[in-house]
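> Have a look at this fold, sequence not included:
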DNA sequence: CAGTGGTCTAGACCACGGT
DNA sequence: CCGTGGTCTAGACCACTGG
């Protein structure tokens, strides 16, 4: 036997992908059935199934019972955004991470927040402002609201040393989140924290988080000027 | 027998996820082996395997041979960014889509581009400027460079009616891409196209594309003021 | 109705990596 | 060494859907 082992699902997956990229099977074209491919590759149908399922998950092909498998007309471009904790991001740049708590108050949820994440009216929320630094240069200004009804233990937490992001990750399970990315001009306060001029274009990421339908927290992260978020696919 | 059918991989997957969210298995905790779970759920090991594999793909659990399966300490927050064609985006908002070609020139690749996507020096590139409108209001300003060496048929293409984005998707296969998101102040030209003031904070997405290692195209998409990109997970 | 993918099974062997 | 996950198989039945 040659060194290469027998046909595995990865080989099938890669070979099919290759044929699609090389236009052996053009866009919208019908692929052979799983059974036919299994015969061609000399493996079980389950192996072909797994290979094709992975390609379908990536949006490369469309599968329908009875109709068969087709090359997707619009290859779904889905990029994975890796959302890391700020400290990790900074440390991966080989920069020294520093965190500072700026302000902490508890009050009734403002109306815009109530509406945005679906809180009951007059719910008390803990409002935090924090700064994250990389090598002592401003990296991210974080403004966060936490529902004290949904996360009662937050009252005992001390955010002087550990940021609310890491605390919540460790303490509170969550099931769903919604992320919004945008570009915003720096307001005077944010500009001050990020050591830039008001009006500067800043990259912002907002995230609302729920646990089994119950709103937990909303965070607005505004990054230093020039910040870029990159991903591959 | 109760109405619910027999145990499938989705039930196993959801039940395991539930137990993790409910902290039945805390962060870093060791889960039972596949064999044990298969016994508990009354199904084959392959079924448990598929359930756990999906959770591992989502970053919920970490699996290692011999060590076993553990709840991930830092649940990898990976959001899928769906990158749709501009026309689709606009039409999904129930707005009328309009496209216009602004300029088209062919010249040697500028140095910054050569470096950015790894083109050989002095490579000729086709440079396009386009506008995309939603209900006749500026939606996106697109600036694109296409390697005419890698995509020779681009010389015959007519970009008066169909945007380069859609043309490339239909004509040219590609295998890899790198996406960068940022916030930029509007330069005078862009501000003019997007009908806003210079310096306005604008959301920008850049994408470089390769086919089997060969650079094909680079596109810079700058969106109208107030644009927001949203995703869930 | 019949073709195609979707899933499950019971068993098997392999590969990695702690002990 | 040997436990655990990774994968493959041959066969089976089911579910959806186009004709």
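Received the coordinates, thanks. From a predicted model like this one, the values you see are computed outputs, not experimental measurements. Numbers count the residues shown, from 1 in each chain, chains lettered A, B, ... in the order given.

> do the lowest-mean-pLDDT helix or strand in chain A and chain B meet at all?
Ranking every helix and strand in chain A by mean pLDDT, DSSP states H and E puts strand A:77-83 at the bottom, with a mean of 79. Yes: on the criterion Cβ under 8 Å from any Cβ of the partner chain, strand A:77-83 is in touch with chain B at A:77, A:78, A:79, A:80, A:81, A:82, A:83. The way it works is simple: take the backbone N, C-alpha and C, and place the C-beta from them, glycine included.

> Just the buried ones among those, please.
Among the residues of strand A:77-83 next to chain B, those buried by neighbour count (16 or more other Cβ atoms under 10 Å in any protein chain shown) are A:77, A:78, A:79, A:81, A:83.

> so which of the residues you listed are also by DNA strand D?
The subset of those lying close to DNA strand D, counting by Cβ under 7 Å from any atom of the strand, is empty.

> quick one: which of these is nearest to residue A:29?
Using Cβ to Cβ, residue A:77 is the member of these that lies nearest residue A:29, at 19.8 Å.

> Who are the contact partners of the closest residue to that closest one other than its chain neighbours?
Excluding its sequence neighbours, the residue lying closest to residue A:77 (Cβ to Cβ, 6 or more residues apart in numbering or on different chains) is residue B:83, at 3.6 Å. When contacts are counted by Cβ atoms under 8 Å, 6 or more residues apart in numbering or on different chains, residue B:83 touches A:77, A:78, A:79, B:179, B:207.

> quick one on the thing from earlier: now distance to residue B:196 too, for the residues of strand A:77-83 next to chain B, in CSV please.
Listed next are the residues of strand A:77-83 next to chain B as CSV, based on distance: Cβ to Cβ, whole Å:
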residue, distance to residue B:196
A:77, 27
A:78, 30
A:79, 27
A:80, 32
A:81, 27
A:82, 32
A:83, 30
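
> What separation is there between the residue in chain A positioned nearest to DNA strand C and chain B?
Here chain A gets closest to DNA strand C at one residue, residue A:66, 2.9 Å apart by Cβ to the nearest atom of the strand. With distances taken as Cβ to the nearest Cβ, to the nearest Å, residue A:66 is found 21 Å from chain B.

> do the same with residue A:16
Using Cβ to the nearest Cβ, we find residue A:16 at a distance of 14 Å from chain B.

> do residue A:44 as well
Taking Cβ to the nearest Cβ as the measure, residue A:44 falls 12 Å from chain B.

> same check, this time on residue A:64
Residue A:64 sits 19 Å away from chain B, going by Cβ to the nearest Cβ.

> if I look at residue A:90, how far off is DNA strand D?
Computed as Cβ to the nearest atom of the strand, to the nearest Å, the residue A:90 to DNA strand D distance reads 31 Å.

> and that residue, what does it touch?
Residue A:90 sits next to A:96, A:97, A:132, A:133, A:134, A:139 when contact means Cβ under 8 Å, 6+ apart.

> Look up the pLDDT of the residue nearest to the second one when sequence neighbours are not counted for me, please.
Leaving aside its chain neighbours, residue A:97 sits nearest to residue A:90 (4.2 Å; criterion: Cβ to Cβ, 6+ apart). Listed pLDDT for residue A:90 reads 94.

> same thing with residue A:4?
Per-residue pLDDT puts residue A:4 at 44.

> As a check, name the ranges of all helices in chain A.
Secondary structure of chain A, counting by DSSP state H: helices at A:9-21, A:34-41, A:45-57, A:86-92, A:111-117, A:164-171, A:188-193.

> Would you tell me which of those helices gets closest to residue B:119?
helix A:9-21 (20.7 Å).

> quick one: contacts of that closest one?
The contact list for helix A:9-21 (Cβ under 8 Å, 6+ apart) reads A:25, A:31, A:37, A:41, A:43, A:47-48, A:50-52, A:54-55, A:60-61, A:71, B:173-175, B:211-212.
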